[in-house]
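J.: What follows is a predicted protein model with its sequence.
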Amino acid sequence: MVKPMTRALAPLWLGVMALLNASLAWAEDVPAVSADPCTARMGTARTIELDVRGGAEIGTMQYTDTLDLAPGEIVFTFDDGPSPDYTLEILDTLDTHCVKAVFFLVGLYADRHPELVREIWSRGHTVANHTWSHQLLHRVGPVTGGREVERGFDAINAALLGLQTEVGEPAQSAPFFRFPGLNHTRHLRTQLAGDDIAVISCDIGTDDWRRISSDSVYQRALRNIESRGSGVVIMHDTHARTATALPRLLDTLAERGYRAVHLTASSHSSTLSHTTQITTQADTDQPHGGEE
Ligand SMILES: [Zn+2]
């Protein structure tokens with residue numbers, strides 16, 4: 001309940017109002033300060049919607065094609081999560097810089113931490129598939145390989161169940177796949193293309209999967225980005241050294257005029273009804289391995 005103003009307070013109140021009016025009048029005379037918190041940060045310059053019909057193979061580290069990026073444009077990708085130790089910290093850093101990234105998730109971990117998958121998606125990042133259990137697919141047969149791809153998509157989509165986009169469509173993994181250790185096979189590449197799934201490799205490494213210091217991750221990432229000038233960068237949200245290096249890396253890149261680009265898939269592709277055609281060829285199971 002608002003009490004009536006006492007006579008003693010009225011002059012003071014009038015004085016405050018006069019000051020407010022004066023400051024409002026002044027504000028009209030000067031350019032408005034941008035409310036965008038990312039003006040001095042890296043920011044996401046634009047979104048590329050990749051057409052995955054018939055497949056696509058992106059990343060000059062392995063393929064001839066990559067995204068059509070202008071100088072200074074970077075697509076950030078993070079592999080091997082979600083990690084209960086580092087993914088949230090990395091998400092917070094990306095939020096600080098208004099950077100939207102692509103997270104290539106391991107289905108097994110998505111199954112264990114569905115709340116993290118939902119958090120990544122809810123913060124506007126692209127979620128994508130990095131197999132079910134991170135087996136190196138050049139060491140397993142096509143049946144196991146196909147199953148790894150399929151179970152990866154299924155686990156991510158199960159974690160996202162119930163979430164919807166702004167236009168009411170079900171949340172889902174993008175039709176993007178990254179081979180563990182970047183070890184691709186001709187058989188699976190053909191199969192993925194037939195299923196309208198893009199293989200996303202990278203243009204720029206950061207060595208953050210190696211047992212190096214956080215400072216080395218920062219130095220190598222910066223050197224490699226500066227050397228190429230633009231491209232798809234590969235990192236991992238499963239290491240302390242990456243989580244520690246990232247704020248400094250984004251600060252420096254922002255100062256040098258780099259901008260992020262968010263990679264998404266064009267809306268006509270879906271992984272919800274994804275079923276990989278599993279061949280009947282003889283198969284061999286290999287133990288889980290691989291660093292990247
Ligand atoms: Zn990996």
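T.: Yes, it's here. Residues are numbered from 1 along each chain as shown.
J.: I'd guess residue 45 is in a helix, am I close?
T.: No - counting by DSSP: H, G, I helix; E, B strand; the rest coil, residue 45 is not found in a helix; it is strand.
J.: what distance separates stretch 151-163 from the middle of the whole chain?
T.: Between the centre of stretch 151-163 and the centre of its chain there are 16 Å (CA atoms, centre = their mean, to the nearest Å).
J.: Hmm, I typed the wrong one, I wanted stretch 138-151.
T.: Centre to centre, stretch against its chain (CA atoms, centre = their mean), the figure for stretch 138-151 is 24 Å.
J.: quick one: is it near the ion?
T.: No - using CB under 5 Å from the ion, stretch 138-151 stays clear of the ion, coming no nearer than 12.1 Å. Heads up, the C-betas are built off the backbone N, CA and C, glycines and all.
J.: Average pLDDT for that stretch, rounded please.
T.: Averaged across stretch 138-151, pLDDT comes to 96.
J.: Not counting residues beside it along the chain, what's closest to residue 76?
T.: Spatial nearest neighbour of residue 76, chain neighbours left out: residue 101 (4.0 Å); criterion: CB to CB, 6 or more residues apart in numbering.
J.: how much space between the one you found and residue 219?
T.: Residue 101 sits 21 Å away from residue 219, taking CB to CB, to the nearest Å as the criterion.
J.: Count the neighbours of whatever residue of the stretch 101-250 of the chain ends up closest to the ion for me.
T.: The nearest approach of the stretch 101-250 of the chain to the ion comes at residue 180, 4.7 Å away (CB to the ion). Around residue 180 sit 25 other residues, with neighbours defined as other CB atoms under 10 Å.
J.: what are the C-alpha coordinates of the helix or strand encompassing residue 235, in CSV please?
T.: Applying DSSP states H and E as the criterion places residue 235 in strand 231-236. In CSV, the C-alpha atoms belonging to strand 231-236 read as follows (Å, rounded to 0.1, in the frame of the first residue of the first chain):
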residue,chain,number,x,y,z
GLY,A,231,37.4,-22.0,-40.6
VAL,A,232,35.8,-24.7,-38.5
VAL,A,233,37.7,-25.1,-35.3
ILE,A,234,37.8,-28.4,-33.3
MET,A,235,37.9,-28.4,-29.5
HIS,A,236,36.7,-30.7,-26.7
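J.: downstream neighbour of it in the secondary structure list?
T.: helix 240-255.
J.: Now do that following helix against strand 231-236, angle only.
T.: Inter-element angle recorded for helix 240-255 and strand 231-236: 150 degrees (by axes from the mean of the first three to the mean of the last three CA atoms, to 10 degrees).
J.: what about helix 240-255, average pLDDT?
T.: Mean per-residue pLDDT for helix 240-255: 97.
J.: and residue 56, how many neighbours?
T.: 21.
J.: cool, and residue 192?
T.: 25.
J.: where are the low-confidence patches of the stretch 51-200 of the chain?
T.: Within the stretch 51-200 of the chain, no stretch falls below the threshold (pLDDT under 70).
J.: what kind of secondary structure is residue 215 in?
T.: Classified using three-state DSSP, residue 215 is helix.
J.: I figured it hits residue 245, correct?
T.: Yes - contact status for residue 215 versus residue 245: in contact at 7.4 Å, counting by CB atoms under 8 Å.
J.: the more surrounded of the two?
T.: residue 245 (26 against 12).
J.: wait, what's in contact with residue 240?
T.: In this structure, residue 240 makes contact with 85, 86, 214, judged by CB atoms under 8 Å, 6 or more residues apart in numbering.
J.: Cheers, nothing more for now.
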